[in-house]
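In: Pasting the sequence and the predicted coordinates here, then a few questions.
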Amino acid sequence: MTIDQSAQRAGTEPAQFLGPSPTMITLRINGRDYYTVVEPRTSLLDALRERLQLTGTKKGCDQGGCGACTVWIDDRRVLSCLTLALSAEGREVTTIEGVADGDELHPVQRAFIECDGFQCGYCTPGQIMSAIKCIEEGHAERDEDIAEWMSGNICRCAAYQNIREAVRRARDEMNG
């Protein structure tokens, strides 16, 4: 017996859904518009991975503590697990899929490969997204600065020495 049938039998109206209704949104991601339906409480991370099949951004802790889900909104680093998809509408979102220029890897991506800046690779997309901004923001001059400005990105394999080496190498290439 359904809820509606139970309500009719009891002589009452069926219960109405009281939660927020799904909404159609447009997200501009990596220079392209994507249209999807989300509930208002849907995180940007879940919209990217589950709705749009952009699975490069990883779900680690889902609580903002690991940095695996780092993306850029309007060129600023954000944790997509803590960002509502609705709040990204009308803004430019960049994910790891949008960092390379076609088949040409970004200097940070190349440096991560050359310096073995990853082991299991799970944190690598978030590490790369943060490393690019760390360099662009001028926070990659000393190892201490790199460690501080990348501290929101956790590597469970502890490849931090190689990650810092990759950031230094990419910094030198990006700064000429």
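Out: Good, I have the coordinates.
In: What mean pLDDT does stretch 29-49 get?
Out: The average pLDDT for stretch 29-49 rounds to 97.
In: Got the phi and psi for Asp75?
Out: phi 70, psi 20 (degrees, to the nearest 10).
In: how about it, what does it touch?
Out: 92, 94, 133 (C-beta atoms under 8 Å, 6 or more residues apart in numbering). Placement of C-beta: from N, CA and C, glycine included.
In: Can you say which of those are buried?
Out: In terms of neighbour count (16 or more other C-beta atoms under 10 Å), the buried residues within the contacts of Asp75 are 94, 133.
In: Okay, and which of the contacts of Asp75 map to helices?
Out: Of the contacts of Asp75, the ones assigned to helices by DSSP state H are Lys133.
In: Going along the chain, name the strands of the chain.
Out: 23-29, 32-38, 70-73, 76-79, 92-94 (DSSP state E).
In: can I get the contacts of Asp75 in a markdown table with distance to Ala85?
Out: A markdown table is the format used below for the contacts of Asp75 (distance: C-beta to C-beta, whole Å):
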| residue | distance to Ala85 |
| --- | --- |
| Glu92 | 14 |
| Thr94 | 15 |
| Lys133 | 21 |
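In: could the contacts of Asp75 be laid out in CSV, adding pLDDT and distance to Ala159?
Out: Output for these, formatted as CSV (pLDDT from 0 to 100; distance: C-beta to C-beta, whole Å):
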residue, pLDDT, distance to Ala159
Glu92, 98, 30
Thr94, 98, 24
Lys133, 98, 19
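In: for the contacts of Asp75, which one is nearest Cys81?
Out: Thr94 (16.3 Å; C-beta to C-beta).
In: ok, how many other residues are close to the closest residue to the closest one other than its chain neighbours?
Out: Of all residues not flanking Thr94 in the chain, Trp72 sits nearest, at 4.2 Å (C-beta to C-beta, 6 or more residues apart in numbering). For Trp72, the tally of surrounding residues (other C-beta atoms under 10 Å) stands at 20.
In: State the distance from Trp72 to Gly65.
Out: 19 Å (C-beta to C-beta, to the nearest Å).
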